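A.B. asks: please find the sequence and the predicted model below.
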Amino acid sequence: MIKVLFTGTGRCGTGYVSAAFSNSGVACGHETVYGLDGYKERPNLLIEASWLAVPHLTELDANVELYHLVRHPQECITSLVSCGPRLWEPILSGNTLASGPWGQYLAKYYTASNDCVG
């Protein structure tokens, strides 16, 4: 069971955090526990970094240390837009906010996601 969770919006730095820990010899999953297909228990993994954990925050064990990663909005949204629909279509299917320009939707997503983490 994870003891430490890093989360935020997509493109906020969870991959970087995971690589930094792992390259230092400390195992840290990146979208390993919280992935596109939901939650998967990984008993031997103590640290996870995933923006996909945001919808599951209310289910977190009270003992999990939560770290909110925040990247400058302009850099984050520009990076999100550059990913294009290949990343976002599976996640946004059925989401009423998904209509309209990507940048406009992603700005709303950036705000709402950060509000969820608090």
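C.D. replies: That came through, no problem.

A.B. asks: and N63, how far is that from N23?
C.D. replies: Computed as Cβ to Cβ, to the nearest Å, the N63 to N23 distance reads 26 Å. C-beta here means a position set from N, CA and C on the backbone, and glycine is covered the same way.

A.B. asks: kindly report the same for C83.
C.D. replies: For C83, the distance to N23 - Cβ to Cβ - is 24 Å.

A.B. asks: what about these two, which has more around it?
C.D. replies: C83 (13 against 9; other Cβ atoms under 10 Å).

A.B. asks: surely that one and R11 touch.
C.D. replies: Yes. When contacts are counted by Cβ atoms under 8 Å, C83 is listed as touching R11 (7.2 Å).

A.B. asks: what about the longest helix anywhere in the chain, distance to the chain center?
C.D. replies: Secondary structure of the chain per DSSP state H: the longest helix is helix 102-117. Chain-centre distance of helix 102-117: 12 Å, with Cα atoms, centre = their mean, to the nearest Å.

A.B. asks: now swap in stretch 16-26 and tell me
C.D. replies: 16 Å.

A.B. asks: swap in stretch 74-82?
C.D. replies: With Cα atoms, centre = their mean, you get 14 Å for stretch 74-82.

A.B. asks: can I get it in PDB, CA atoms only?
C.D. replies: The C-alpha atoms that make up stretch 74-82 are tabulated as PDB, following Å, rounded to 0.1, in the frame of the first residue of the first chain:
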ATOM      1  CA  GLN A  74       0.600  28.700 -18.900                       C
ATOM      2  CA  GLU A  75       3.300  26.000 -19.100                       C
ATOM      3  CA  CYS A  76       1.000  23.300 -18.000                       C
ATOM      4  CA  ILE A  77      -1.900  24.200 -20.400                       C
ATOM      5  CA  THR A  78       0.500  24.600 -23.300                       C
ATOM      6  CA  SER A  79       1.900  21.200 -22.600                       C
ATOM      7  CA  LEU A  80      -1.600  19.700 -22.200                       C
ATOM      8  CA  VAL A  81      -2.700  21.200 -25.600                       C
ATOM      9  CA  SER A  82       0.500  19.800 -27.300                       C
END
